[in-house]
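Enquirer: got a structure for you, letters missing:
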């Protein structure tokens, strides 16, 4: 007897049983009956033709009918539904067909139902991947919009703060000139000194905000000129000497190949980047520690190493520290000083250094065995700077090399 003929014998009892098991009320019962009839008809076609692909359109329609709520609630899988369908088929086969015929029918259904499980799993996976891909794209778009808004706010806020700060600085200087001529000169001088320090610190923060805004918007322009790394480092050692003495630390700069060679770079910006890295090393090195600057000459690059004997950086934070406003310090430790031990700040120093170095065509990264205030594993910052022996633009080339012939087209 044909397998399809055997299945037709259990059609009506199976439909009644499966709709009763799957329906949650009379509202959707009519639709459910239609879908189950469609499934059974395609099952008969699959059995008669030997091609389980007849069931594919039904299965895909069922999988595609899942809503975003189903996916969010982890209810996307149709496997339980197929389990009920299979269970009901076996039950009706056993109750309505002779044993020998039931065995033949169940054996014939197994590969078809296995195919159904496989198709459902594949399509549901595609639906799930599509849903989460769209969700990730939306999150990425929202984050990009938020980042742009933050960058715009930083830019506007920094420029708007700069004007009143200039006024405050000017008027405070005039006020100091007037008041120091009175009998309270010493007291006024002390108060005005505090005001000037606050103005200076605020000015540094505003300039940092402007710099990070320029870096974010890829508007940081460099003024290339002859530059010597050893001269920049020598100036920074002299500048930071007072802070190093206060912390009873040792700042050592070793001569290394390439440091005394002339390269073309933005001297002021490069000095700013190195200052930020050095002050960061001083800040996270306990009193009495050491900061060592060394380097080497590579093919086409100069590598500068800033190694400290400080508290180190946890592996999960070694990329985070180069993101803006990602200061790892305790907010309670924030202060106006840039070199207090573990003193927090706005988290702009290293991101600015990274932006400046990348604008030069270089890079910066950090190595550390981890964070530990007892064993002090320290950190090593690696800075790669291109060994640029010629200025990058025609105007600068003509200025420093009169014999240079322009490659720009003549007007």
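Expert: Received it, and whenever you're ready, just let me know what you need. Quick caveat, the model's predicted, so the values are computed rather than measured.
Enquirer: low-scoring stretches of the stretch 301-411 of the chain, by residue?
Expert: Along the stretch 301-411 of the chain, the parts satisfying pLDDT under 70 run over 327-339, 344-345, 395-411.
Enquirer: Now do the strands in it.
Expert: Assigned strands in the stretch 301-411 of the chain, in chain order: 301-308, 363-367, 379-386 (criterion: DSSP state E, counting those that start in this stretch).
Enquirer: ranges for the helices of the protein?
Expert: Applying DSSP state H to the chain gives helices spanning 3-9, 11-22, 29-49, 56-64, 68-72, 79-96, 99-179, 185-216, 229-246, 267-283, 349-359, 394-400.
Enquirer: Among those helices, which one carries the weakest average confidence?
Expert: Lowest mean pLDDT within the helices of the chain: helix 68-72, a mean of 56.
Enquirer: about what we covered before: nearest to residue 380, of the helices of the chain?
Expert: helix 267-283 (9.6 Å; CB to CB). C-betas here are computed from N, CA, C, even on glycine.
Enquirer: Burial check on residue 315, number of neighbours?
Expert: 11 (other CB atoms under 10 Å).
Enquirer: And for it, nearest residue in space, chain neighbours not counted?
Expert: residue 370 (6.5 Å; CB to CB, 6 or more residues apart in numbering).
Enquirer: quick one, what contacts that neighbour?
Expert: Shown in contact with residue 370 (CB atoms under 8 Å, 6 or more residues apart in numbering): 312-315, 377.
Enquirer: need these in TSV with distance to residue 154, can you?
Expert: TSV is the format used below for those (distance: CB to CB, whole Å):
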residue	distance to residue 154
312	30
313	25
314	27
315	29
377	34
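Enquirer: and those, which are buried?
Expert: By neighbour count, with 16 or more other CB atoms under 10 Å, the contacts of residue 370 hold 312-313, 377 as buried.
Enquirer: Measure how buried residue 391 is and give me the count.
Expert: Neighbour count for residue 391, taken as other CB under 10 Å: 19.
Enquirer: about what we covered before: closest one to residue 40 among the strands of the stretch 301-411 of the chain?
Expert: For residue 40, the closest of these is strand 363-367, at 63.8 Å, according to CB to CB.
Enquirer: which helices and strands does the closest one pack with?
Expert: Using 3 or more CB pairs under 8 Å, 6 or more residues apart in numbering; DSSP states H and E, the elements in contact with strand 363-367 are helix 349-359, strand 379-386.
Enquirer: Which of the residues in the longest one are classified as buried?
Expert: Going by neighbour count (16+ other CB under 10 Å), the buried part of helix 349-359 is 349-357, 359.
Enquirer: Just give me the closest of the residues you listed to residue 87.
Expert: The closest of the buried residues of helix 349-359, once distances to residue 87 are taken by CB to CB, is residue 351, at 60.5 Å.
Enquirer: OK, contacts around the residue nearest to that closest one when sequence neighbours are not counted?
Expert: Distances taken as CB to CB, 6+ apart put residue 324 closest to residue 351, at 4.4 Å, once the chain neighbours are dropped. Counting by CB under 8 Å, 6+ apart, residue 324 touches 212, 216, 347-348, 351.
Enquirer: mind checking how far residue 324 is from residue 296?
Expert: According to CB to CB, to the nearest Å, residue 324 and residue 296 sit 30 Å apart.
Enquirer: pLDDT score assigned to residue 23?
Expert: Looking at residue 23, its pLDDT stands at 75.
Enquirer: Around it, count how many other residues there are.
Expert: The number of residues packed near residue 23 is 16, by other CB under 10 Å.
Enquirer: go on, residue 93?
Expert: 21.
Enquirer: wouldn't it be in contact with residue 11 here?
Expert: No. Under the criterion of CB atoms under 8 Å, residue 93 makes no contact with residue 11, lying 11.6 Å away.
Enquirer: Is it possible to get CSV of the buried ones among the contacts of residue 370 that adds distance to residue 193?
Expert: Below are the buried ones among the contacts of residue 370 laid out as CSV (distance: CB to CB, whole Å):
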residue, distance to residue 193
312, 37
313, 36
377, 39
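Enquirer: Nearest to residue 273 among those residues?
Expert: Nearest to residue 273 among the buried ones among the contacts of residue 370, counting by CB to CB, is residue 313 at 18.3 Å.
Enquirer: for the closest one, phi and psi?
Expert: Backbone geometry at residue 313, expressed as degrees, to the nearest 10, gives phi -130, psi 130.
Enquirer: That one and residue 321 touch, don't they?
Expert: Yes. Applying CB under 8 Å as the test, residue 313 and residue 321 come out as touching, 6.6 Å apart.
Enquirer: which residues does residue 301 contact?
Expert: Remark: with contacts taken as CB under 8 Å, 6+ apart, residue 301 is in contact with 362, 384-387.
Enquirer: so which of these is the most crowded?
Expert: residue 385 leads those on contacts (other CB under 10 Å) with 25 neighbours.
Enquirer: Let me see the contact set for it.
Expert: Shown in contact with residue 385 (CB under 8 Å, 6+ apart): 229, 263, 265, 270, 301-304, 357, 360, 362.
Enquirer: Go through those and give me the one with the most neighbours.
Expert: Neighbour max across the contacts of residue 385 (other CB under 10 Å) = residue 265, 30 neighbours.
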